[in-house]
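**Q** quick one, structure for this:
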Amino acid sequence: MWEAYSSAYAARYGVEPLRNAKVNGALANLLKRIPMDEAPAVARFFVGSEDKFYVNAGHPVDLLLRDCEKLRTATVTGQRTGAPLSRHTGFEQRNYEGAPDGSIPA
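**A** Model (predicted):
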């Protein structure tokens, strides 16, 4: 489990994630909530997620634990979770399209 999370994290961020008592406890609790044989794939899916909340937080283990059932379902069904970071809301897009110079109004 740790190896899957750690290697995905290092590939994404270019640094190893911290491992401490809090992280170890979260991973132990995660393994009580989802099948052990599925946990590595769920961890890789989580770190690869472009969900804006996860990206802004830096894909910490506590969010992996918090959302592990949702992430497990998404992993086994191939669903995406959340909105990508670069996605505009309808309101922002309408404002952009309506500006004469193509800029987004403040």
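
**Q** going forward, measure contacts between C-alpha atoms and count neighbours the same way
**A** OK.

**Q** how about the helices in this structure?
**A** 2-13, 21-33, 39-48, 52-57, 61-66, 68-77, 90-98 (DSSP state H).

**Q** where does this structure dip in pLDDT?
**A** 81-106 (pLDDT under 70).

**Q** re earlier: single out the most deeply packed of the helices of the chain.
**A** helix 39-48 (a mean of 22; mean count of other CA atoms under 10 Å).

**Q** can you tell me what sits against that one?
**A** 1-5, 8-9, 12, 30-31, 59, 64, 68, 71-72, 75 (CA atoms under 8 Å, 6 or more residues apart in numbering).

**Q** now do stretch 17-32
**A** Against stretch 17-32 from outside (CA under 8 Å, 6+ apart): 1-2, 6, 9-10, 39, 61-62, 65, 68.

**Q** report the distance from it to the chain centre.
**A** Counting by CA atoms, centre = their mean, to the nearest Å, stretch 17-32 is centred 16 Å from the centre of its parent chain.

**Q** would you put the C-alpha positions of that stretch in PDB?
**A** The C-alpha trace of stretch 17-32 is given here as PDB (Å, rounded to 0.1, in the frame of the first residue of the first chain):
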ATOM      1  CA  PRO A  17       6.000  11.900   0.600                       C
ATOM      2  CA  LEU A  18       6.500  12.200   4.300                       C
ATOM      3  CA  ARG A  19       6.000   9.100   6.300                       C
ATOM      4  CA  ASN A  20       5.300   9.500  10.000                       C
ATOM      5  CA  ALA A  21       2.900   8.100  12.700                       C
ATOM      6  CA  LYS A  22      -0.100  10.000  11.300                       C
ATOM      7  CA  VAL A  23       0.500   8.700   7.800                       C
ATOM      8  CA  ASN A  24       1.000   5.100   9.100                       C
ATOM      9  CA  GLY A  25      -2.100   5.300  11.200                       C
ATOM     10  CA  ALA A  26      -4.200   6.600   8.300                       C
ATOM     11  CA  LEU A  27      -2.900   3.800   6.000                       C
ATOM     12  CA  ALA A  28      -3.700   1.200   8.600                       C
ATOM     13  CA  ASN A  29      -7.200   2.500   9.000                       C
ATOM     14  CA  LEU A  30      -7.700   2.600   5.200                       C
ATOM     15  CA  LEU A  31      -6.800  -1.100   5.000                       C
ATOM     16  CA  LYS A  32      -9.700  -1.700   7.500                       C
END
